[in-house]
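Visitor: Here is my input; please provide its structure:
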Amino acid sequence: MRKRNTESIGEVLRQYFEENPFFRQKLAESRAVTGWGQLLGSMINSYTTNIYLRNGVLYVSLSSSVLRSELIMAKERLISKINEHAGLHVVNDIVFR
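Guide: Next up is the predicted model:
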C-alpha cells in the first residue's frame, strides 16, 4: 500500500527550518562564515588565518596588514554582501585582526 501524501526530503527540511527560527539563524550564520572565502576569492582567503561569528560580529584574522587596511575601507559593502549571501541579516559589524 502506497502513501499518497509523500514529500521530498528537501521539502521536509525546508519546512522544518522555517518552523524553527533558531536553526534558520544558525544556518545563516554558518553561511556567513563560509561565504567569506566564496565572496572574496582564494587570494584574500589565503591571507585569512581565522574567522568566526559571535553576537553579530564577524571576527577575521588576517596575516597581511595592507589587506587589513584595504578591507577596513570596504567594511560596509562587505557586511551587506555577506548578509545577502547568508540570506538573513546576521552580521552587524566586522572586526579585522
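Visitor: Check the gap between Gly35 and Val66 for me.
Guide: 23 Å (CB to CB, to the nearest Å). All C-beta spots, glycine's among them, are computed from the backbone N, C-alpha and C.
Visitor: Comparing those two, which residue is more hemmed in?
Guide: It is Gly35, of Gly35 and Val66, that has more neighbours when counted by other CB atoms under 10 Å, with 19 against 9.
Visitor: And the helix or strand bottoming out on mean pLDDT in the chain, what's buried?
Guide: Scoring the helices and strands of the chain by mean pLDDT, DSSP states H and E places helix 9-19 at the bottom, with a mean of 86. Residues of helix 9-19 classed as buried: Phe17 (neighbour count, 16 or more other CB atoms under 10 Å).
Visitor: how far out from the middle of the chain is that helix?
Guide: 20 Å (CA atoms, centre = their mean, to the nearest Å).
Visitor: Equivalent analysis for stretch 46-61, please.
Guide: In this view, stretch 46-61 has its centroid 10 Å away from the chain centroid, taken as CA atoms, centre = their mean.
Visitor: pull the CA atoms of it into PDB?
Guide: Extracted as PDB, the C-alpha positions of stretch 46-61 are listed here (Å, rounded to 0.1, in the frame of the first residue of the first chain):
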ATOM      1  CA  SER A  46      44.800  32.600   1.600                       C
ATOM      2  CA  TYR A  47      45.600  35.600   3.900                       C
ATOM      3  CA  THR A  48      42.700  34.800   6.300                       C
ATOM      4  CA  THR A  49      44.100  32.800   9.300                       C
ATOM      5  CA  ASN A  50      40.900  32.600  11.400                       C
ATOM      6  CA  ILE A  51      37.300  33.600  11.000                       C
ATOM      7  CA  TYR A  52      34.300  33.300  13.400                       C
ATOM      8  CA  LEU A  53      31.000  35.000  14.200                       C
ATOM      9  CA  ARG A  54      29.900  35.900  17.700                       C
ATOM     10  CA  ASN A  55      27.000  38.100  18.700                       C
ATOM     11  CA  GLY A  56      26.500  39.600  15.300                       C
ATOM     12  CA  VAL A  57      30.200  40.500  14.900                       C
ATOM     13  CA  LEU A  58      32.400  38.700  12.300                       C
ATOM     14  CA  TYR A  59      36.000  38.400  13.600                       C
ATOM     15  CA  VAL A  60      38.500  38.000  10.800                       C
ATOM     16  CA  SER A  61      42.200  37.400  11.400                       C
END
